[in-house]
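Asks: got a sequence here, can you model it:
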Amino acid sequence: MDLMVENLTAIDDKLSQRHIDLDPGGYFIIYLDKDAGLIYAKHFTNVIDDRGLAVDPETGKVIPAREKVERTYTTVFSARTAKELCVKIFEETQPPPVTQLDHAAYLGREFVRAEVALVTGQEYVQD
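Replies: Numbers count the residues shown, from 1 in each chain. From the prediction side, this is the model:
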């Protein structure tokens, strides 16, 4: 069983290193409130420049991927489960703040990971 988990983890780790095109609809920061039993997803807008980089529409500056940045979010979504969060973002919000299918799939995976962490008490770190 441990070998299977190691193999699956290796596959996921490798795929996490691939190039992805950023969503012009914006990005999400996902986190948990364990005391409240909620998954949160803050949505931030961005513009994608001709180099494929996310740019802050207010300042025109590139948004760094690995640094903490002080920005104002547009919306905060919260839910008890991954499914509930997906319904709020993709069905109840029109138009949805996600414009690319690969981004929607990524968010679904992350919301499930966050839900599992919430239920099991594990730490959640967004991929």
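
Asks: use CA for all of it now, contacts and neighbours both
Replies: OK.

Asks: span of stretch 17-26 from start to end?
Replies: Criterion C-alpha to C-alpha, to the nearest Å; first-to-last residue distance in stretch 17-26 is 20 Å.

Asks: which helix of the protein spans the most residues?
Replies: Scanning the chain for the helix with the most residues, using DSSP state H, yields helix 101-120.

Asks: got the buried residues for it?
Replies: Within helix 101-120, the residues that count as buried by 16 or more other C-alpha atoms under 10 Å are 103-104, 107-108, 110-118.

Asks: ok, so of these, who is nearest His43?
Replies: Leu107 (11.6 Å; C-alpha to C-alpha).

Asks: what's in contact with stretch 101-113?
Replies: The set of residues external to stretch 101-113 that reach it, using C-alpha atoms under 8 Å, 6 or more residues apart in numbering, is 23, 30, 39, 81-82, 85-86, 98, 124, 126-127.

Asks: identify the farthest-apart pair in these.
Replies: Asp23 and Thr81 (23.6 Å).

Asks: and those two? which has more neighbours close in?
Replies: A side-by-side neighbour count of Asp23 and Thr81, using other C-alpha atoms under 10 Å, places Asp23 first with 22 against 18.

Asks: which element follows the least confident helix or strand in the chain by mean pLDDT toward the C-terminus?
Replies: Using mean pLDDT, DSSP states H and E, helix 2-15 stands out as the lowest-scoring helix or strand of the chain, at a mean of 83. Once the chain leaves helix 2-15, the next helix or strand it forms, by DSSP states H and E, is strand 27-33.

Asks: for that next one, which helices and strands make contact with it?
Replies: Counting contacts by 3 or more C-alpha pairs under 8 Å, 6 or more residues apart in numbering; DSSP states H and E, strand 27-33 packs against strand 38-44, helix 101-120.
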